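Peer 1: no FASTA, just this:
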C-alpha cells in the first residue's frame, strides 16, 4: 500500500559560494520520506534528516551523484539525529556523502552498520562518510559477528568519525577486495577517532582489517592516515593489513593493547606513526612484520614494554613455502629512521620461531624461515634504564643488515655490528612525548632511501643534516597529539570519570534498592548485621559493597533460587569485607544466559563466601575482563570458578584476567577453578591467570577429571607460593611448559601433584 | 704483474648528427684491451670489438653511462665477431648498451651467458642488449643448469636478438626479483626471435621464467611484447610468469610445444598474442591460467588441438589455501575478445582437478578449488569440424560467467548459458591465418571493459561496431607474421634442410670412412655381404644405413668391445633392412658416458639385431628425442632398451618418444624395455611410449623384478595388439590407470599378466 502523506520537505535553494550550483535541500523525518527523497535525488542535492530519534532505520542510500556534485545525506543538527535500534546504512552508487549521523543504543540487523555496498552488484564508489559517530552499537551477543564499517568499491572515504565500544566478534572496520571492482581501491581513512574497544578475549576483534588471506596478493592502496587509536584493546591486532600497497601514516596509537600487523600482503608503507605505551602495560605493542617489501620509516615509539608479538618492532619467522593463510617469510623489509624512546628492547627478530613444537604441530605450521634481506638503518634508540637492551632474537639474526643505528647504551655482545653504534645522545623537545637527538651522526644511504625525504612531522630531511631517528626539526607537539582534529567535532566522547555515589544501608530493602536504583557508580556501605536476600541481585552498573566495620562484617544470606548475584553487560561488582552465605542450591555469581554483549568485572577482597553450588558460573559468550580475588575465604561449595564455556576451540575464552591471591578454599567438592581456552592460533595469546599465596584444603573430592585447578589452553599462568593439603585429587594442576609455566614454592601435602606438559596439543583454529 | 702493452686503440671522434656529442670509438681486439677500454669508458663512448673469433672471453662490462649518453660495447661487424668457448658477458652499471655480439661454439663457465649482474651488489640498470645472437651455446652436460640471459636490476632491455638451441637444464631467459633493487623493474623484452629449443624431457627448460614462487607476490612489470617464439619445445611451459603485473602482448607462438603459463603471481595482461598450432601436434598449447586478476584479451588461437595443460585456454583448479609454491585458486580473471579459429575445444576448466588421487597425494596437493569470478566474454569461436566442441570441464563450472560469446556450432547441453550463442558466422581475412567475423553481435560491457579499446592489431574498437573476437578491422597479415622484424637483422638462422649425400659401399673400410667423413646428412647404402667391424661406430651427424637389396640384407658383424654404435650429441641414426650381429659382449647402441649435450635419434626399420648385451644402453643425462622401431626382430640379447638412468626423481627421463611397432623379441634374458620417469610434478607430463603389434617370446627369464616391459612413471602409454608367449615373468607390464593407460587386444600365453595400478605413488619433485 502506498502512503501518500505529504512530505514535509523544505526546499531551500542555496547558492554555494564557490561552485554557484543550486543545492536542493530536502528535509525528511521518516523512513518513507527518506526513501522518497533518495529516489528523487539529483547530483548536488542535500537530503536532511530532521532532528530526532530514528528507531530501526535501515537506510539504503542508492543514488548517483557526480564528480564535484555529490548527493549528500546529512543530519539537520549533528548529534541531534540519532539512529537507534536495529539500524544500518547501505550506500550504492557514485559520489554520495553521509554527514553527521549518530548510531547508538542499538545494533545492525545485517552484517554491517555502515556498508559501502547494497548487494553483490550494487556498491558505492567515490563516496564519503564523514563526521559520524558509532557508539557502542554492539550486538547483544558477543558471538554474533558483524562489522561496523564495510568498505567495498573504489575511492571511498571515512573521515572525522568517532567509533568506539564494539564488544562483539568481527573487526570494527573491514575493507573487502573480493572482485576486480574492489581492488586498487585507494580508500581514504583519515582523521577518525577510534575510541576504546574493550578486550574481547580471543581473536576476531581487530579495529581494522584490510583484505584477507585470499586477497593477500591483491593491490589495495588503502590509505590510513592521521587517525587516533585510543585504547583499542580488542585483540592482539589493532590493524590487520592483508593486502598490498597500503599506507599507514601519521596515526597515533595511544595505549592500545595490540599492534599494527602486516599480516598478509606486501609493500606496506608505515611512516610517521606514533605508538604511545606510557609504560602502562606489556600488552601495548608496535608493529608486527610478516611478508615482503615493507617500508617502516619515521615512526616514533614511546615507552613501550611489550615482547614477542607485542614488541615495538616484531619481525616474525615465516613458514617455508607457507600456505596462503599462514606466515610468509619476511624479506626485503626496510626499517629506517625510527625513534625508540624509553622503550624496552625495541627489536624482536624471528618472533614466532617454533621449531621446538615440531612434535605437536604439522610441518606447515613450523616457522623456521628467518627474515632475509632486512635493512635496519638510521634508527635512534634512547633509554635511560640501567638494563636497556636493543634486540631480542628467537633464532639466528643472519638476514638483517644493520647500518648507522645510534643508541646511548651498550648492545649485548652477540649483536655486535658496525651498524649498531653506542654514542652520546642528548634529547631535546618541546613536548612531553616528542624528543629529537641534538647530536648529528652520519646516516646510511640505502637503495631508494632518497625517497625518505621527510620526517614524522613532514619536515624536509636535508642531506647535510644526517639526522638519525624520526624527528629532524624541533617538533610541534600539537601536530599529532591534538585530539581535536580527530573524530566528529560535535561529539565529545564520554571518557570522564563519574563520581561514585555512596550510600549507607542497614536493612535489606535499602540495600536492594540501592543496587536497583544506581545510575553509574555506587558504593554501598553495609552496616553490621544480617541481610536476608530472597531474590537475585542484578549488577548492570558499578557497584561496590563494603562492610562499614571490617571487624564486624555484614552478613548477606541468600535464599534466591538460582544465584546470589547476576552480572548484566558492563556490570562491575566489588566486594569488600562482607560475608556471603548461600543455601548450597544457588551460585554466588552468574551471568546472563545469553546476550552478555559487554564485559563484566568482579573484585572480591577480604570476603567470606560459603554454601553455594558454584562460586562463579558463566554462560557461553559471557566475558569477564577482570576477576580479582584477594584475602578471601571460600568454603563448602560444590564447585569454584567455572570459566569454561568457550569450548568451540576457536581461541575464545571467558575471562581475560583471573587473579586469586592470599585466599583459602576449603571443601570445594569439584574443581576450584576451570578456566579454558581452546584452539591453536598464535594470534590468541591471552588468558592471564595468577594464583599466588593461596591455600587449598579438602577439595576436589568429586571432580570427575581428578584435577583441582584447570587452566587448559590459558597462555599466561603465574603459580607461586600455593599450599595444598589433603585434596584427594590426582593432579593439582597441569601447567604448559612451552609457555614458560611452572609452579614455584608449592607446598603439597597429601594432594596429588603439579604436572608440567611441555607441548599442549590443540586443535588448529583455521 | 701489469702488462704495459700498447693498446691498439683507434680513436675516432665522430659527431653524432642529433646530439652533437663527441663519441669516442675505441677498437679493441683482445680481452686486455677490452678491459682497459671498459675501465676508461665515459658516457657516450663506443667500445668496438674488432672482427674475429674470441675464445674464452669473460666480459665484465662495468661502467657508468648516462641517460641519453650510454656507453656502448659493439661488434665491428655484427656476425663477424664471434665469442666462443667458455665465455660470458656480465653487465654492471647504468646506461650500458651491448650490440651485435654472436655467442656460439661454446658455453658459459658461470650461471649465465649474458647477465645483467656482476655480483650481488653490482648489477645493471637502464641497460640494453640488442642485435645479438646466442646459438647452441649449451652446456656439455644436459644436467648442468644455467640461463642464457639473466635479468637483474631495473629498466633493462633485450631486443632484436636471436636465441636458440638450449638443450640443458634451466630457462633460457630468467628475470630475478630477489631484493628491492630488482622489483618494479619494467624490463623490456621485445622483437626477439626465440628460435627452436629442443624437447628436454622433464621440467626446468622454459624459454622464459619471470620470478619464482618466492617472489610471486612481487610487482615486476616486465613487458614481453612482439617476440617470435618458434618451436620452443623445451617443456610444457614456454613462458612461466611468476610475478605480478607482467604484460605479454603481440607475441607470436609458432608451433611451440608448450603454453604461456601464469604460474605464480597475478594481474598479468595477455593481449594480442598469436598462438599457431597448424594442427601440428597436441603438444602445442595456448595460455594456462592460475592465480588471480589476469586479463586475457584480443588473443588469436589458430588450429590448436591440445588438451588439459596444453589446451588453448586452460583454467586450472587451485589448492585451497595453497602453499606458496603450488596452485592458488583462479579468481577474477577476464577472458575476453579472443578468437579461436579451427581449434579443438578452446576452453578447459578446472584443469588439474585431482580429488580422485587423494589416496596417493597429501591434502596440500589436492586441487579442489574451482575458478571463481571468472568472466568469459565477447569471444569468437569458429570451427568447421563436424564434432566441434567448446568446453571441457574437469569439475563443476560454477564460478565462470559467460557473456556474449559467439560460436558457429552447438554447445554441449551441459554448458547452456545465455552467454554462449550459436550464430551464423562468416569469416573474412586477407591472410592465411587471420580471419575476422563479418557479422556484428552485441558485446558485453563488463567492469573496466572500456579499457579494452584496441584489437590485436591496435585498431581502435568503436563502441558502435561491437565486434566479437580479437580482430575488428581487416588484418594486415604482415604486421605480426613478418619474421624480418624479429631477431638480429644480420643473422639468418640455419633452418634450411641440407641435402642428404648418398654413398654406396661394399667393404667395411669404405663403410667406416663414410660414417667418419660425413658432414651433415649421409645415406650409406650397403651392398649385400658381410661387414666385420672391430671398432665402435660413432654417430654425431645424420646417418642412414640401408641395404641395397632388401631381399638380401647386408650383415654387419661387430666385434668392437663395448658397443656397436655410439651416439654423440645431435647424432641421428636410421637403419633400414640390415642385419646386425654382436658377440654377446657389447651393446648395440650406446651414448657417450657424459656430456650428451644435445638429443640423439634412433630409427630402426626392417632390421635384425642379435647377440648383444643390451640393445640400447644410455648414460644419465643422455636424451633421445625419438626412438622408433618398426618391423624389426631382436633376439639373443641379455637386455633390451635401457632408458632408465634419470633416477633422481625430479621429472626427467631419457627419451621423449619411444615407439616399437610390429616387431619381435625373442630370448631377451632380462627386461625388453626399461623406460623410467620419476617424481610427481604435474608440469612433467611427458614420456610417450607406443607398443603396438609386437610379439615377445621366451624373454625376461632372468629379470630381477620379474617384469618384462617397464614403463614406470611414463605418462603416455599406448599398448595395443601385442602378443606374449612363454615369457617366464610374473608381470608383462604395469600400466598407470589414472593416466588412462590400458592394454588392448593383448594375447597372453604362459607369460604372466598386465597389471593396472590406478594411482602410482611418486616422490614429490619440489
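Peer 2: Structure's in. What do you need? This one's a predicted model, so the numbers in the text were calculated from it and none came from an experiment. Residues are numbered from 1 along each chain as shown, chains lettered A, B, ... in the order given.
Peer 1: low-confidence stretches in chain A?
Peer 2: Low-confidence segments of chain A, defined by pLDDT under 70: A:1-22, A:430-431, A:463-464, A:475-478, A:494-498, A:681-684, A:764-766.
Peer 1: which residues of it lie near chain B?
Peer 2: Contact residues, chain A versus chain B (C-beta under 8 Å from any C-beta of the partner chain): A:178-181, A:183, A:213-219, A:244, A:265-267, A:291-293, A:321-326, A:328-329, A:331-332, A:334, A:364, A:373, A:447-448. Placement of C-beta: from N, CA and C, glycine included.
Peer 1: put the buried members of these into a PyMOL selection.
Peer 2: In PyMOL, this line selects whichever of the residues of chain A next to chain B come out buried by 16 or more other C-beta atoms under 10 Å in any protein chain shown:
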select buried, chain A and resi 178+179+180+181+183+213+214+215+216+217+218+219+244+265+266+267+291+292+293+321+322+323+324+325+326+328+329+331+332+334+364+373
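Peer 1: and the residue of the stretch 451-600 of chain A closest to chain B?
Peer 2: Residue nearest to chain B within the stretch 451-600 of chain A: residue A:451 (11.2 Å; C-beta to the nearest C-beta).
Peer 1: the one helix or strand residue A:657 maps to: how far from the chain's middle?
Peer 2: Assigned by DSSP states H and E, residue A:657 falls within strand A:655-661. In terms of C-alpha atoms, centre = their mean, to the nearest Å, the gap separating the centre of strand A:655-661 from the centre of its chain is 18 Å.
Peer 1: strand partners (parallel or antiparallel) of that strand?
Peer 2: Strand pairing for strand A:655-661, determined by DSSP bridges: strand A:624-630 (parallel), strand A:688-692 (parallel).
Peer 1: burial check on the residue of the stretch 451-600 of chain A closest to chain B, number of neighbours?
Peer 2: Other residues near residue A:451 come to 10 when the count uses other C-beta atoms under 10 Å in any protein chain shown.
Peer 1: the helices in the stretch 351-500 of chain A, which residues?
Peer 2: Along the stretch 351-500 of chain A, counting by DSSP state H, counting those that start in this stretch, helices occupy A:478-481.
Peer 1: of all the residues in it, which one is nearest chain B?
Peer 2: Using C-beta to the nearest C-beta, the single residue of the stretch 351-500 of chain A nearest to chain B is residue A:447, 5.1 Å away.
Peer 1: contacting residues for that residue?
Peer 2: Residues near residue A:447 by C-beta atoms under 8 Å, 6 or more residues apart in numbering or on different chains: B:180, B:181.
Peer 1: separation between it and residue A:293?
Peer 2: To residue A:293, residue A:447 is 12 Å away according to C-beta to C-beta, to the nearest Å.
Peer 1: what of residue A:221?
Peer 2: Counting by C-beta to C-beta - residue A:221 and residue A:293 are separated by 14 Å.
Peer 1: how is chain A divided into domains?
Peer 2: By the assignment in automatic domain parsing, chain A contains the domains A:12-485, A:501-612, A:623-766.
Peer 1: neighbours of residue A:520, how many?
Peer 2: Residue A:520: 10 neighbours (other C-beta under 10 Å).
Peer 1: I figured it was touching residue A:543, is that so?
Peer 2: No: using C-beta atoms under 8 Å, residue A:520 makes no contact with residue A:543, being 10.3 Å away.
Peer 1: need phi/psi at the residue in the stretch 501-650 of chain A positioned nearest to chain B.
Peer 2: Residue of the stretch 501-650 of chain A nearest chain B, by C-beta to the nearest C-beta: residue A:650 (16.9 Å). Dihedral pair for residue A:650: phi -110, psi 20, per degrees, to the nearest 10.
Peer 1: hmm, residue A:677 and it touching each other?
Peer 2: No: with contact defined as C-beta under 8 Å, residue A:650 does not reach residue A:677; the gap is 9.9 Å.
Peer 1: and the contacts of the host helix or strand of residue A:532?
Peer 2: Assigned by DSSP H and E, residue A:532 belongs to strand A:530-533. Contact partners of strand A:530-533, identified using C-beta under 8 Å, 6+ apart, comprise A:507, A:508, A:511, A:512, A:554, A:555, A:556, A:557, A:558, A:559, A:560, A:564.
Peer 1: and that strand, which residues are buried?
Peer 2: For strand A:530-533, burial by neighbour count (16+ other C-beta under 10 Å) applies to A:531, A:533.
Peer 1: do stretch A:448-455 as well
Peer 2: Buried residues in stretch A:448-455, counted by 16+ other C-beta under 10 Å: A:449, A:452, A:454, A:455.
Peer 1: end to end, how far does it reach?
Peer 2: Chord length of stretch A:448-455, first to last residue, is 16 Å (C-alpha to C-alpha, to the nearest Å).
Peer 1: cool, stretch A:201-210 as well?
Peer 2: OK, stretch A:201-210 end separation, C-alpha to C-alpha: 21 Å.
Peer 1: do the same with stretch A:409-422
Peer 2: Using C-alpha to C-alpha, one end of stretch A:409-422 lies 6 Å from the other.
Peer 1: name the residues that touch that stretch?
Peer 2: When contacts are defined by C-beta under 8 Å, 6+ apart, stretch A:409-422 is touched by residues A:376-377, A:381, A:383, A:388-391, A:393, A:397, A:401-408, A:441, A:444.
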